[in-house]
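[1] model this:
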Amino acid sequence: MAPPNIILYDVPSATPEAWAPNIWRIRFVLNYKRLPYRTVWIEYSDVERTLRSIGAPPASIGRDDRPVYALPAILIPQRPPESPIVLTTASVIVEYLEMAFPARPVFPEGSTALQVVFVHYLNDVVVKPLLSIMVPLSHIRLPEHVQAHIRGPAMAGPQRERAWLAVKEKFDFLAALLDKNNGVDGDGLVVMGRELSYADFVICSVLLWVERVSPHDGWTRMRQWSNGRWVRLWDRCKDYMDVL
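    Next up, the predicted model:
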């Protein structure tokens, strides 16, 4: 039986390019697994209304116990009379896709727990200093009528340089960790040693974010780090960057 045509919800920017890193994680997995899907674009101001209308679970609970609706989200049609499966948050979506569509796994056998911990490390340590740079830049790239939904003060020159130095330090350390895969364990480029996995797509989602939002500053810098490691990883993931 052919897999269903999945709907992936995404937010548009002022340019036609997909940029949101958490949504790119899902798109990478869908492309890698060769699952049929289509992107439905929704404005930030319409995210909660749209997700409520399809019965999506909230991504979290906010102040005053109010549910918070956020992307990524996917809808997987089912045969009537069954209701569609609607999922939110990247980790829940990816783990479901891996279970429901096990061909071309992004969690090689026995690696799920290790990759989950690695992704937490990426989010909490490696990517954290990048947020102060990228969130304001992402805000600028949004259409004017939705910019109020993401706020962030732009950095002054010296402050931005210090922030980029902090980001480089984290990515250099990550590169040193991955270099331990050189030799009999792998080529030192990808997290699991030889084959692409979910952890690589998480890293590449961040690279795409920088390339799409800060192509002439941020991406120019990162291309030169660690002897071009991040460009090589980009090239390794390039076949799975289609936006359908």
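[2] Farthest out from the centre of the chain, which residue is that? Tell me.
    Using CA atoms, centre = their mean, the residue of the chain lying farthest from its centre is P81. It sits 32.9 Å away.
[3] With adjacent residues omitted, what lies nearest to P57?
    Spatially, and ignoring its direct neighbours in sequence, P57 is nearest to T88 (5.6 Å; CB to CB, 6 or more residues apart in numbering). All C-beta spots, glycine's among them, are computed from the backbone N, C-alpha and C.
[4] pretty sure the one you found contacts L51?
    Yes: look at T88 against L51 with CB atoms under 8 Å: they come within range, at 7.0 Å.
[5] what sits in contact with each of the two?
    Here T88 and L51 have Y69, A73 as joint contacts, going by CB atoms under 8 Å, 6 or more residues apart in numbering.
[6] Between the two, tell me which one has more neighbours.
    Higher neighbour count among T88 and L51: L51, with 23 against 20, using other CB atoms under 10 Å.
[7] Now do the helix or strand that the more buried one is a member of: which elements does it pack against?
    When elements are assigned from DSSP states H and E, L51 belongs to helix 47-53. Applying 3 or more CB pairs under 8 Å, 6 or more residues apart in numbering; DSSP states H and E, one finds that helix 47-53 contacts strand 6-10.
[8] just checking, next helix/strand downstream of the strand it packs on?
    Following strand 6-10 in sequence order, the next helix or strand is helix 21-32 (DSSP H and E).
[9] Residues in contact with that following helix: which ones?
    Applying CB under 8 Å, 6+ apart, the contact partners of helix 21-32 are 6, 8-11, 18, 37, 39, 71-72, 74, 90, 93-94, 97-98, 104, 106, 196, 198, 201-202, 204-206, 208-209, 237, 239-244.
[10] Likewise for stretch 174-182?
    L122, V126, D187, G188, L189, V190, V191, G193, I203, W225, S226, R229.
[11] What residues of stretch 129-141 count as buried?
    For stretch 129-141, a neighbour-count test (16 or more other CB atoms under 10 Å) marks P129, L130, S132, I133, M134, P136, L137, S138, H139, R141 as buried.
[12] any idea which helix or strand carries the fourth one?
    Assignment of secondary structure by DSSP H and E places I133 within helix 128-141.
[13] Kindly report the same for Y96.
    helix 90-100.
[14] by contact count, what packs against that helix?
    With contacts taken as 3+ CB pairs under 8 Å, 6+ apart, helix 90-100 sits against helix 21-32, strand 73-76, strand 85-88, helix 112-121.
[15] Work out the sheet partners of the very next helix or strand once past the first one and label each with its direction, please.
    Taking DSSP H and E as the definition, the helix or strand that follows helix 21-32 towards the C-terminus is strand 37-41. Here the strand partners of strand 37-41, with direction, are listed using DSSP bridges: strand 6-10 (parallel).
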